[in-house]
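Undergrad: let's see this in three dimensions:
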Amino acid sequence: MRAPRFKLTVYGRPDCHLCQDMVAALEGLQQEFAFKFDFVDIDENPRLVLRYGTLVPVLLGNGQEICHHHLDFPALKAFLDTRPAIKSE
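TA: Next up is the predicted model:
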């Protein structure tokens, strides 16, 4: 796998089938588009529940919402195409 060029965050719930679908779709795209992502369980933070409770899963990149409920591949691709890569750690 190529070194990740982008970092994304999925806000969701572990028992949410839409969240599981988005995570699976992202895992399938990781190698081709060189990104990594974290999954954040919103139920561990009351503020996140208030913010994202009815929208999960929510995909963010650099704090910007890319999509919610379902993976919007064109929106993800547009985000990846217009953002600078993350700096090496």
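
Undergrad: all strands for the chain, in order.
TA: Assigned by DSSP state E, the chain shows strands spanning 6-12, 35-41, 58-61, 64-68.

Undergrad: just put the ones you listed in a markdown table and tack on mean neighbour count.
TA: Yep, even glycine has a C-beta here, placed from its N, CA and C like the rest. Below are these laid out as a markdown table (neighbours: other Cβ atoms under 10 Å):
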| stretch | mean neighbour count |
| --- | --- |
| strand 6-12 | 20 |
| strand 35-41 | 16 |
| strand 58-61 | 21 |
| strand 64-68 | 16 |
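
Undergrad: make a markdown table out of those and add mean pLDDT and distance to residue 74.
TA: Shown next, in a markdown table, are the strands of the chain (pLDDT from 0 to 100; distance: least, Cβ to Cβ, whole Å):
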| stretch | mean pLDDT | distance to residue 74 |
| --- | --- | --- |
| strand 6-12 | 94 | 15 |
| strand 35-41 | 96 | 16 |
| strand 58-61 | 96 | 13 |
| strand 64-68 | 96 | 9 |
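
Undergrad: how about low-confidence regions in the chain?
TA: Counting by pLDDT under 70, the chain contains low-confidence ranges at 1-4, 83-89.

Undergrad: what would the strands of the chain look like in CSV with distance to residue 47?
TA: Below are the strands of the chain laid out as CSV (distance: least, Cβ to Cβ, whole Å):
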stretch, distance to residue 47
strand 6-12, 11
strand 35-41, 12
strand 58-61, 14
strand 64-68, 16
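
Undergrad: show me where the chain has helices.
TA: Assignment of helices within the chain using DSSP state H yields the ranges 17-33, 46-52, 73-82.

Undergrad: including mean neighbour count and distance to residue 40, could the ones you listed go into JSON lines?
TA: Shown next, in JSON lines, are these (neighbours: other Cβ atoms under 10 Å; distance: least, Cβ to Cβ, whole Å):
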{"stretch": "helix 17-33", "mean neighbour count": "15", "distance to residue 40": "10"}
{"stretch": "helix 46-52", "mean neighbour count": "13", "distance to residue 40": "7"}
{"stretch": "helix 73-82", "mean neighbour count": "13", "distance to residue 40": "17"}
